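Participant: Task: produce atomic coordinates for the following.
(2 chains)
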Amino acid sequence: MTGTPAAMDKRVTFKGLWLPLLLVLPQIVITAVFFFYPAGQAIWQSLYIPDPFGLSMKFVGLGNFEYLLGDPYYRASFLTTAVFSVLVTVVSMGVALWLAVLADRLIKGSGTYRTLLIWPYAVAPAVAGVLWLFMFNTRVGVVTWYLGVLGYDWNHVLNDNEAMGLVVIASAWGRISYNFLFFLAGLQSIPRSVIEAAAIDGARFWTRFRTIVFPLLSPTTFFLLVVNVVYAFFETFGVIHTITSGGPQQATTILVYKVYADGFVGQDLGSSAAQSVILLAIVSVLTIIQFRFVERRVHY
Amino acid sequence: MTKIISAAVLTAVAGTATPSFAETEVQFWHAFTGRLGELVDEQVASFNDSQDAYTVTATHKGNYSETLNAGIAAFRAGEQPHVLMVFEVGTATMMAAEGAVRPVHEVMAGGEFDPEAFIGAVKGYYTTTEGEMLSMPFNSSTPVLWVNRDKLEGAGIDPDTEMTTWDQVGEVLTQLKDAGVDCPMTTAWQSWIHLENLSAYHNVPFASQENGFAGADATLELNGPAQVKHISTLGEWAQDGKFIYTGRRNEGGANFRGGECALFTESSAGYAGIKAEADFAFDVRPLPYWEGAGDAPQNTIIGGASLWVMEGHDEADYDGVAAFLNFLSSPEIQAKWHQDTGYLPITSAAAELTREQGFYEENPGTDVAVAQMTANEPTANSKGIRLGYFDQIRTVIDEELEAVWAGDKEAQAALDSAKERGDQLLRRFEQSTR
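Facilitator: I've put the predicted structure just below:
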């Protein structure tokens, strides 16, 4: 390949067209096959009311969206989703950061500690759901029993807030390990010398954390924020399905659970597709907001 | 031939028995695991051993919803099984799938198959208003009242006390509560038992158009006086701590089997589990009814699954399907299934055979469900329920009932809202089938 030495700027650039294309091709193919194609299908299907067997499709234009957005119960699940996502993100990131700070200060046995904290990540969401469900079972659950001893009557099958609390804990729990790993790596990449200098200047732990550690950790925090919000939006239906099925009433019916329930259990593929398009739009907007406004406060 | 080969490849991948190429292969997808899965495998094995022409390959495809989804996805890919197990909620979806399913009466035409052999309330659920059987009943159950006799005795109540009507049950619940019992009564499958079956049992409609059998333009009618009376009473009991709500599915089973709850409304198919786990004396009673409301006791309806025959295979294969379905509905197989599982005997001959074998005498109460189902000839209100998007409708009902149990809504308001929301779903389904 002896391409003409075109007028190039100072960045390292591949010559010619084919080699760079070839190098990015796998990424493009993967994105096209696993993202653009299914997303396109979802948009296409959201304009129809199809028969589940694919025998007939009835074009309804924006009818599926009108039907959904005209339903007060569907609109209410936007708020439920917002509450759920904020709680899951805050809890899973907050606890992970706290654990990471502790692990970072350990001198002995940090390997064991770290390994133990990473374990929960290997538990599938639905299994995690079952574990938490057993502990909080209103009749035979261990935690419920102890709460009863303390005089608290736990009943998440009828109490909205307890149900929300339970699915948040179960969803956040498995995520803590993942966040912990990134936070710990972030903490360990902060130069000791900076922290020691601050310590010599008389800054206490909390001041050092607030003024040095947390700002230097902001790229990690920002990355985790995006990833965790996406997780809370898309990957939590297994937990909801096993623990509450969206109940009591509609207290834990988040958008992605309804996509799953209507599409995969109820065979209403048109509505399910329209819901995924709405969800896709929300997450795109959220991600844009995060990159435009939150990222400004990130110090790389 | 390619079909046989691909089926054989599938079987080899699944790691089950290797089929002989001389025989016609019949694929059967079902939703049973554990003991029920073993029993299904046993049935299939004895069919395969009984003749040389066909080999049935049974494959477990997950729970009811997952099996239905697997069948639908396979059909779209042209890889559908011959026989697919579909739970009763999916009946309307399957019926609407003209071209994807072959009605059982067509498959069985010309053979010695007799639809009249099936128990009316079982057959009715899967039969058109013209009397054509669409799918083959397989596992059917009906709700009954399970009683922990020890719990009643402990509370100073005669364990043989009459609980035929809900009024009588109410008195027992009060006594239990006063005696300090934490869980006087709980339930499984609230919509199925306390609305769908309640309506059928009192001979009042659950939905218009013969509960959806006569047309897809049905609307819900579950907010009538009988249903409101029942739900508002249960709501009061929930507030008083006499009725303990444990969840939308059969979560309450653990509480009853563990000896915590005195009364439990649950499917007759709960028998196997209760018998295995309960270390107390228990009783099966007919589902109670309200005296003076509607026309009770009519008959209860079934839950469970039926077998649907899928289109798109070689004509010769369907002879194998017919032979297999005939085998499954034979009295010996059905009687054994009924006795092993607590599911209903789906033919009168199987019930008769079970009686002759002395099973009901050795296991008192196991015939309660049969008697309750067959007490009367089913009416338009008690034949069954056939509504599109029924799964979503049940979710709506669950949500509204939870509002009543929590004391957030009056029964009438909750059922009115369930009707309104359910009707929207029905109109959507109607659009999808046009």
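Participant: Now the phi/psi pair for B:T265, please.
Facilitator: Reported as degrees, to the nearest 10, the phi and psi values for B:T265 are phi -90, psi 120.
Participant: list the contacts for it?
Facilitator: Taking C-beta atoms under 8 Å, 6 or more residues apart in numbering or on different chains as the criterion, B:T265 is in contact with B:P143, B:V144, B:L145, B:W146, B:M185, B:T186, B:T187, B:A188, B:I193, B:H194, B:L287. Any C-beta I mention is one placed from the backbone N, CA and C, and that applies to glycine too.
Participant: One more pass at 7 Å, please.
Facilitator: B:P143, B:L145, B:T187, B:I193, B:L287 (C-beta atoms under 7 Å, 6 or more residues apart in numbering or on different chains).
Participant: longest single helix anywhere in the chain?
Facilitator: Because you didn't say which chain, this covers chain A. The residue-count maximum for a helix in chain A (DSSP state H) belongs to helix A:72-105.
Participant: The chain in question should be chain B.
Facilitator: Ranking each helix of chain B by length (DSSP H) puts helix B:411-433 first.
Participant: tell me what that one is packed against?
Facilitator: Other elements packing on helix B:411-433 under the criterion 3 or more C-beta pairs under 7 Å, 6 or more residues apart in numbering or on different chains; DSSP states H and E are helix B:225-239, helix B:390-405.
Participant: try it again with 8 Å
Facilitator: When contacts are defined as 3 or more C-beta pairs under 8 Å, 6 or more residues apart in numbering or on different chains; DSSP states H and E, helix B:411-433 packs onto strand A:48-50, helix B:91-96, helix B:225-239, helix B:390-405.
Participant: Quick check: next helix or strand after the third one?
Facilitator: Scanning the chain past helix B:225-239 towards its C-terminal end, the next helix or strand to appear is strand B:243-244 (assignment: DSSP states H and E).
Participant: Let me know the average pLDDT across that following strand.
Facilitator: Averaging pLDDT along strand B:243-244 gives 96.
Participant: Just checking: what are the partner strands of it?
Facilitator: Strand pairing for strand B:243-244, using DSSP bridges, gives strand B:183-187 (parallel).
Participant: got the CA positions of the partner strand in CSV?
Facilitator: The C-alpha coordinates for strand B:183-187 follow below in CSV (Å, rounded to 0.1, in the frame of the first residue of the first chain):
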residue,chain,number,x,y,z
CYS,B,183,-53.4,-16.7,59.2
PRO,B,184,-57.1,-17.9,59.2
MET,B,185,-57.3,-18.0,55.4
THR,B,186,-55.1,-17.4,52.4
THR,B,187,-55.4,-18.0,48.6
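Participant: That strand vs helix B:225-239, what angle?
Facilitator: 140 degrees (axes from the mean of the first three to the mean of the last three C-alpha atoms, to 10 degrees).
Participant: Ok, which of the helices and strands packed on helix B:411-433 comes nearest B:F206?
Facilitator: Closest approach to B:F206 among those is made by helix B:225-239 (8.3 Å; C-beta to C-beta).
Participant: coming back round to it: neighbour-wise, which of the contacts of B:T265 leads?
Facilitator: Neighbour count (other C-beta atoms under 10 Å in any protein chain shown) singles out B:P143 as the most crowded of the contacts of B:T265, with 29 neighbours.
Participant: in the sheet, who's paired with it?
Facilitator: B:S267.
Participant: Tell me if I'm right that it and B:I193 touch.
Facilitator: Yes - the pair B:P143 / B:I193 is scored as a contact, 4.3 Å apart, by C-beta atoms under 8 Å.
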